[in-house]
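Novice: Please find the sequence and the predicted model below.
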Amino acid sequence: MKRLFYIGLIGIILFEVMKVYFIMPFPGSQRMNSLDFAYFLHSYRLGIRSLFVLLIVIGALKAFQVKRKWIPGLVTVIMLVVVYYFNFKMTADSIFKEPKVLTFQPKAGNLLKDSSMVVGVEYNGEVKAYPIRFIVYHHQVQDTVGGKPMLITYCSVCRTGRVFEPIVKGKPEKFRLVGMDHFNAMFEDATTKSWWRQANGEAVTGQLKGEMLPEVESVQLTLGKLFELYPDALVMQIDKASETNYDSLAKYERGKSKGDLTRTDSLSWKDKSWVVGIELNKISKAYDWNLLKEERIINDKIGETSLVLALSADEQSFVAFERPADSVSFTIRNDTLIANQALYDFSGKDLTNPSIRLKRIKAYQEFWHSWSTFHPNTLQYQP
């Protein structure tokens, strides 16, 4: 009977560790295909814990009928510490908290520098910007833009910014950060408890596996460039409750982070090298950031779609648009895109005829290891 007591204690300890290990960035955990097992542990956690607690109760009397009662007592304390730590300190949503208050300011009231990087969203005449130095900590911000609910997400380990409509089966849904898989953040919906991948908005396990969140078009620009293009934009400000966790020096957004998971490789096509990823009609292609910095503009084609990828003089803001035809090549002067004597700004607007706009293409700055993991058949642009 005494053995059952220790089996129960050790079982709970191992269970609590494994439940967190497989969905957090511990050594080796993110390179395994263990998502379904992790979801099983999470889904049946109450039943598994109850089983081990039953064993502890059955064997407790015999376990404490010994001279050295401090031994079972010590093991019990260790078990309680592990349970507390792995449920209230090591979970993703307890480490990376959502903002308690969302505050926005126009250009006149904004406190951030123009060099700050933001994820910008435009809808129904309203433009909002979410500074990367804030959302890299929060991982998700739930907001509305132009009256539409939005889920603004960012994964620091993949360097992926994505915006989705938090709509599941036609109904608004709430999400929480639950962990990560293959180094990419995962969110859990409140209704079915399915897990959703941040990189593409796909439910990767659970009742809704295979469902997709509708993606919303977004851009990654410096705040200065955003205000230049959208003077009436609103910018998310500091959440005072989270201020000490923010990247106040903007090391991450500039590629200066020293962490193993968030650092940047300066050479091309390394795990932590930056690329711009584009997917069109199920064809994926990656563009080396170092090459883009050299060229500033790339005219290319993916499948049947001709495109232009451009980088601003600030070497941070980038955009991609469809070219009217393969024979139409763009050049860049200052931050003006030029083709067939027509001039366009970085929003795609024709500067002589504002009613004309280039069609924007979704393009993402990302670590190479992330883009290649979730787009295994991706092409690599070669000049």
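Specialist: Looks like it came in fine.

Novice: residues in contact with stretch 29-36?
Specialist: The set of residues external to stretch 29-36 that reach it, using Cβ atoms under 8 Å, 6 or more residues apart in numbering, is Tyr21, Phe22, Ile23, Met180, Asp181, His182, Phe183, Trp195, Val204, Thr205. Yep, even glycine has a C-beta here, placed from its N, CA and C like the rest.

Novice: What's the local residue count around Gln341?
Specialist: By the criterion of other Cβ atoms under 10 Å, Gln341 has 6 neighbours.

Novice: Next: Val66.
Specialist: Using other Cβ under 10 Å, the number of residues around Val66 comes to 11.

Novice: ok, now which ones touch it?
Specialist: Counted by Cβ under 8 Å, 6+ apart, Val66 has contacts Pro72.

Novice: Over to Phe15?
Specialist: Contacts of Phe15 (Cβ under 8 Å, 6+ apart): Leu41, Arg45, Ile48, Arg49, Phe52.

Novice: mind redoing it with 6 Å?
Specialist: Ile48 (Cβ atoms under 6 Å, 6 or more residues apart in numbering).

Novice: how about it, phi and psi?
Specialist: The phi/psi pair for Phe15 (degrees, to the nearest 10) reads phi -60, psi -50.

Novice: For Phe315, which non-adjacent residue is closest in space?
Specialist: Heads up, residue 315 is Glu, not Phe. Lys293 (5.7 Å; Cβ to Cβ, 6 or more residues apart in numbering).

Novice: Distance of the residue nearest to Tyr154 when sequence neighbours are not counted relative to Trp274?
Specialist: Excluding the flanking residues, the one nearest Tyr154 by Cβ to Cβ, 6+ apart is Ile135, at 4.3 Å. Remark: distance between Ile135 and Trp274 (Cβ to Cβ, to the nearest Å) = 18 Å.

Novice: Check which residues of the helix or strand containing Ile152 are buried.
Specialist: Counting by DSSP states H and E, the element that carries Ile152 is strand 148-155. By neighbour count on 16 or more other Cβ atoms under 10 Å, the buried set for strand 148-155 is Met150, Leu151, Ile152, Thr153, Tyr154, Cys155.

Novice: Among those residues, which one lies nearest to Pro166?
Specialist: Leu151 (4.3 Å; Cβ to Cβ).

Novice: Provide a list of residues in contact with that closest one.
Specialist: So Leu151 contacts Gln142, Phe164, Pro166 (Cβ under 6 Å, 6+ apart).

Novice: Need the per-residue pLDDT for it.
Specialist: Note for Leu151: predicted pLDDT of 98.

Novice: For the stretch 251-383 of the chain, which segments count as strands?
Specialist: Here the stretch 251-383 of the chain has its strands, by DSSP state E, counting those that start in this stretch, at 274-280, 283-288, 297-302, 305-311, 318-322, 331-333, 336-339, 342-344, 364-367, 379-380.

Novice: Pipe the ones you listed into a markdown table and attach distance to Arg176 and mean neighbour count per row.
Specialist: Output for those, formatted as a markdown table (distance: least, Cβ to Cβ, whole Å; neighbours: other Cβ atoms under 10 Å):
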| stretch | distance to Arg176 | mean neighbour count |
| --- | --- | --- |
| strand 274-280 | 27 | 22 |
| strand 283-288 | 29 | 21 |
| strand 297-302 | 35 | 16 |
| strand 305-311 | 35 | 21 |
| strand 318-322 | 31 | 22 |
| strand 331-333 | 42 | 14 |
| strand 336-339 | 41 | 17 |
| strand 342-344 | 41 | 18 |
| strand 364-367 | 23 | 23 |
| strand 379-380 | 35 | 14 |
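
Novice: With distance to Lys62 and mean pLDDT as new columns, can those strands be given to me in CSV?
Specialist: Output for the strands of the stretch 251-383 of the chain, formatted as CSV (distance: least, Cβ to Cβ, whole Å; pLDDT from 0 to 100):
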stretch, distance to Lys62, mean pLDDT
strand 274-280, 60, 98
strand 283-288, 61, 98
strand 297-302, 69, 98
strand 305-311, 70, 98
strand 318-322, 67, 98
strand 331-333, 79, 97
strand 336-339, 79, 97
strand 342-344, 80, 96
strand 364-367, 54, 98
strand 379-380, 64, 98
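
Novice: if we can go back for a sec, and the gap between the residue nearest to Glu315 and Tyr344?
Specialist: Counting by Cβ to Cβ, the gap from Lys293 to Tyr344 is 21 Å.

Novice: all helices of the stretch 151-300 of the chain, in order?
Specialist: Taking DSSP state H, counting those that start in this stretch to define them, one finds helices in the stretch 151-300 of the chain at 223-229, 289-295.

Novice: tell me which residues in the last one are buried?
Specialist: So the one you mean is helix 289-295. For helix 289-295, by 16+ other Cβ under 10 Å, it's Trp289, Asn290, Leu292, Glu295.

Novice: Next: the first one.
Specialist: Residues of helix 223-229 classed as buried: Leu223, Gly224, Lys225, Leu226, Phe227, Glu228, Leu229 (neighbour count, 16+ other Cβ under 10 Å).

Novice: can you pull the contacts of the fifth one?
Specialist: For Phe227, the contact set (Cβ under 6 Å, 6+ apart) comprises Lys107.

Novice: how far away is it from Leu249?
Specialist: 22 Å.

Novice: Phi and psi next, for Lys2.
Specialist: Torsion angles, degrees, to the nearest 10, at Lys2: phi -60, psi -30.

Novice: Tell me the secondary structure at the closest residue to it other than its chain neighbours.
Specialist: Leaving aside its sequence neighbours, Lys2 sits nearest to Lys62 (Cβ to Cβ, 6+ apart; 4.2 Å). Following DSSP: H, G, I helix; E, B strand; the rest coil, the label given to Lys62 is helix.

Novice: What about Lys62, how many residues nearby?
Specialist: Applying other Cβ under 10 Å, we find 14 other residues in the vicinity of Lys62.

Novice: Please tell me I have it right and it contacts Tyr6.
Specialist: No. Between Lys62 and Tyr6 there is no contact under Cβ atoms under 6 Å: 10.5 Å.

Novice: Great, nothing more from me.
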